[in-house]
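Novice: no sequence on hand, only this structure:
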């Protein structure tokens, strides 16, 4: 296997925290959480993805040069993978007939395929459907593609729209908070759903150098490692001892060839649900020590499901470049069962590596290490 | 990468030996409107006892995956992290999704079943596979409609080369419920006689919906136990016909529409076959044809085409008989005319 550095040459984000990365960082800087727990613009998953892809491609100065390279597209989602149109099904149930418009839209709307077709990418394309770790796992798949020479450049991340089905489903599970979510807080009452997309442009270093990527002398980000593991435990609850998540983190660190002490902060999954935050907090303290700088950005964005891993990877990379992380919105009171304390205010960070974690239904765990070069 | 084990669940039953029997037996008309997996094929309490709540979609996947592990003869009890799992699907557990919509429509948004919701996500099947096998390696579910299985193989190969895991259980699962059958009737020409005709190369081919699951246990290890090696997975490779295999298996099953492009491979003079008439029309049907190819390479045997309708007088494989075969290529086109090829070598 060829040892190759995978550079992050572009990032794009759209969520309740902002319609691009500049707006998002401004929101983070001001610590301004939304008055409502959802993104109010209500866009389709594909529109959200394309918005973030366009921003990322512009940053990478790649938008007009897509066809010059083997560009792969790997995106995670939940909503866009399901044929779950309520009107279509209601019509079928009541009359045994239904118009095919929504089916046609679905068949043309495989997220990775649709994005690839829109931007003219000719490389591999696949949609990852690993529930809430989909965006992070999609980045991991892209990393594998690049290392194995399947493509020179990969557009990777995740996107999801707000949709009645997950709103109803998560409501039925009893894990949705009516008020703003409070990750890791003693009095947390559950998650807020949100929508959005987070996209990275990943590139083999040789390709970035060859095409004269315009980052010039600015510090470069790179995707240093990805780890994934299965809990083999339960369809919706994380393994209580956290060994699944810990294994994913250790694999990501190992792949990045760094120790846990070299990680300067963790962008946690932090959904603000009782079980998830407890397990994640325990594992982060075990691996990094209880003083590790931790935040969850879900107080700003809500839980964007298949988009979350992509958005949080973008936020992690941006924080490494900026040298600060925002306050973990919503956190007020320490939970005695959670040994870590999320940052309560905008906090400077000093270091070259950060970790983003994702946990999902099905017991999927994913961790991504992002590095900042000189 | 080498195929060490195969598990199959299809309308004709369960297990690679049952699939072999069905391929030898010849075409049987499906009992109802499609090639449905019979309930008795997915009731193994020894394997499914701990996952009683799982839906048909997950059960088909779990049984095929478990059987592939058993077939490989590898004991993973002490190597829980060495096994990666990649599940490919075109449509996911849509029957369960529609059950959840039933709940919403009948009882209101606030009273829908959380259990049904949690089973409606695409990766529920993969989760159950990890539980049953107690596997702790990387696990991914992916979808790319007609090329879902191909993309799963590409990722499996990458994981093995990267040493992300020593073994990968990679497969496909798709189901056919009443709503999907309705959609198929609206979008496709359904064969009135239940007979898919893979060698008609029609612009408006006929289809018969199918369902099932196939899993392969893959590794880079070499061993005499292997079925065969997958030497290439290529998408839109125009050079593929220049490297003539001993057989082309055409995935023509009517589900992607226009099948004229398959004629190019057929006109090459290479022995042609296709086994969709045994498992039905499925976007992930390539995995079934790959299982047939792996069996033929292992047993050094041709399986006769199950439907030998041959209007173009091409070189069809018409007899089940011993044969010297080294290379088989499985070809699939999607509805956009893109081509994917999987090359299997002895």
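Specialist: Arrived safely. Predicted model, so just to flag it, every value in this text is computed and none were measured. Numbering: from 1, shown residues only, chains lettered A, B, ... in the order given.

Novice: any low-confidence regions in chain A?
Specialist: In the predicted model, chain A carries pLDDT under 70 at residues A:1-3, A:34-42, A:213-218.

Novice: can you show me the helices along it?
Specialist: For chain A, the helices defined by DSSP state H occupy A:21-30, A:45-59, A:86-95, A:101-108, A:111-119, A:134-147, A:164-172, A:205-210, A:243-256, A:274-288, A:298-301, A:308-322.

Novice: to residue A:336, which of those helices lies closest?
Specialist: Across the helices of chain A, residue A:336 has its closest neighbour in helix A:274-288 (10.7 Å, CB to CB). For glycine as for every other residue, the C-beta is placed from the backbone atoms N, C-alpha and C.

Novice: off-centre distance for the closest one?
Specialist: Taking CA atoms, centre = their mean, to the nearest Å, the mean C-alpha location of helix A:274-288 is offset from the chain mean by 19 Å.

Novice: residues contacting that helix, please?
Specialist: With contacts defined as CB atoms under 8 Å, 6 or more residues apart in numbering or on different chains, helix A:274-288 is touched by A:183-184, A:188, A:190, A:237-240, A:242, A:245-246, A:249-250, A:260-261, A:263, A:266, A:268-271, A:292, A:294, A:335, A:337-340, A:357, A:359.

Novice: just to revisit the earlier point, redo the helices of chain A as TSV? Include mean neighbour count.
Specialist: As requested, those are exported to TSV (neighbours: other CB atoms under 10 Å in any protein chain shown):
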stretch	mean neighbour count
helix A:21-30	18
helix A:45-59	24
helix A:86-95	15
helix A:101-108	15
helix A:111-119	22
helix A:134-147	31
helix A:164-172	20
helix A:205-210	16
helix A:243-256	23
helix A:274-288	22
helix A:298-301	30
helix A:308-322	27
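
Novice: is it true that residue B:272 lies in a helix?
Specialist: No - going by DSSP: H, G, I helix; E, B strand; the rest coil, the assignment for residue B:272 is strand, not a helix.

Novice: in the chain, which residue is closest to the centre?
Specialist: Unless you meant another one, I'm taking chain A. Chain A has residue A:309 as the residue nearest its centroid, 1.6 Å off, counting by CA atoms, centre = their mean.

Novice: switch to chain B, that's the one I care about
Specialist: By CA atoms, centre = their mean, chain B has its centre lying nearest to residue B:287, at 3.0 Å.

Novice: circling back to that earlier point, quick one: which of the helices of chain A is nearest residue A:156?
Specialist: The closest of these to residue A:156 is helix A:134-147. By CB to CB, the value is 3.6 Å.

Novice: wait, what's in contact with residue A:371?
Specialist: Counting by CB under 8 Å, 6+ apart, residue A:371 has contacts A:221-224, A:256, A:320, A:352-353.

Novice: which of the residues you listed are buried, as a PyMOL select command?
Specialist: Command for PyMOL that selects the buried part of these, burial taken from 16 or more other CB atoms under 10 Å in any protein chain shown:
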select buried, chain A and resi 221+222+223+224+256+320+352+353
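
Novice: could I get the contacts of residue A:371 as JSON lines with distance to chain B?
Specialist: Listed next are the contacts of residue A:371 as JSON lines, based on distance: CB to the nearest CB, whole Å:
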{"residue": "A:221", "distance to chain B": "21"}
{"residue": "A:222", "distance to chain B": "17"}
{"residue": "A:223", "distance to chain B": "13"}
{"residue": "A:224", "distance to chain B": "14"}
{"residue": "A:256", "distance to chain B": "14"}
{"residue": "A:320", "distance to chain B": "24"}
{"residue": "A:352", "distance to chain B": "23"}
{"residue": "A:353", "distance to chain B": "20"}
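
Novice: wait, doesn't residue A:15 sit right on residue A:196?
Specialist: Yes - Residue A:15 is within contact range of residue A:196, at 3.1 Å (criterion: CB atoms under 8 Å).

Novice: picking that back up, just the contacts of residue A:371: which are in strands?
Specialist: Those of the contacts of residue A:371 mapping onto strands are A:221-224, A:353, per DSSP state E.

Novice: got these as TSV, with distance to residue A:20 columns?
Specialist: Listed next are those as TSV, based on distance: CB to CB, whole Å:
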residue	distance to residue A:20
A:221	17
A:222	22
A:223	21
A:224	25
A:353	26
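
Novice: closest to residue B:11 among these?
Specialist: Among those, and counting by CB to CB, the member closest to residue B:11 is residue A:223, at 43.5 Å.

Novice: name the nearest residue to the closest one, ignoring sequence neighbours.
Specialist: Leaving aside its chain neighbours, residue A:223 sits nearest to residue A:6 (4.6 Å; criterion: CB to CB, 6 or more residues apart in numbering or on different chains).

Novice: who touches the one you found in this structure?
Specialist: Residues near residue A:6 by CB under 8 Å, 6+ apart: A:143, A:146-147, A:202-205, A:222-223.

Novice: cool, and residue A:356?
Specialist: Neighbour list for residue A:356: A:136, A:266-267, A:309, A:312-313, A:315-316, A:367-368, A:370 [criterion: CB under 8 Å, 6+ apart].

Novice: nearest to residue B:254, of the helices of chain A?
Specialist: When the helices of chain A are ranked by proximity to residue B:254, the top entry is helix A:101-108, at 15.5 Å, counting by CB to CB.

Novice: what packs against the closest one?
Specialist: Counting contacts by 3 or more CB pairs under 8 Å, 6 or more residues apart in numbering or on different chains; DSSP states H and E, helix A:101-108 is packed against helix A:86-95, helix B:178-187.

Novice: swap the cut-off to 10 Å and go again
Specialist: Counting contacts by 3 or more CB pairs under 10 Å, 6 or more residues apart in numbering or on different chains; DSSP states H and E, helix A:101-108 is packed against helix A:86-95, helix A:111-119, helix B:178-187.

Novice: okay if I get those helices as CSV plus distance to residue A:20?
Specialist: What follows is those, written out as CSV (distance: least, CB to CB, whole Å):
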stretch, distance to residue A:20
helix A:86-95, 31
helix A:111-119, 17
helix B:178-187, 38
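
Novice: start to end distance for stretch A:153-169?
Specialist: Start-to-end span of stretch A:153-169 (CA to CA, to the nearest Å) is 36 Å.

Novice: hmm, I typed the wrong one, I wanted stretch B:333-346.
Specialist: In stretch B:333-346, first residue to last residue: 24 Å (CA to CA).

Novice: just the buried positions in it, please.
Specialist: B:333-334, B:339-346.

Novice: can you give me the strands in the stretch 51-200 of chain B?
Specialist: Using DSSP state E, counting those that start in this stretch, the strands assigned to the stretch 51-200 of chain B run over residues B:83-88, B:139-143, B:167-174, B:189-190.

Novice: so which of these gets nearest residue A:160?
Specialist: Taking the strands of the stretch 51-200 of chain B one by one with CB to CB, strand B:139-143 is closest: 14.5 Å.
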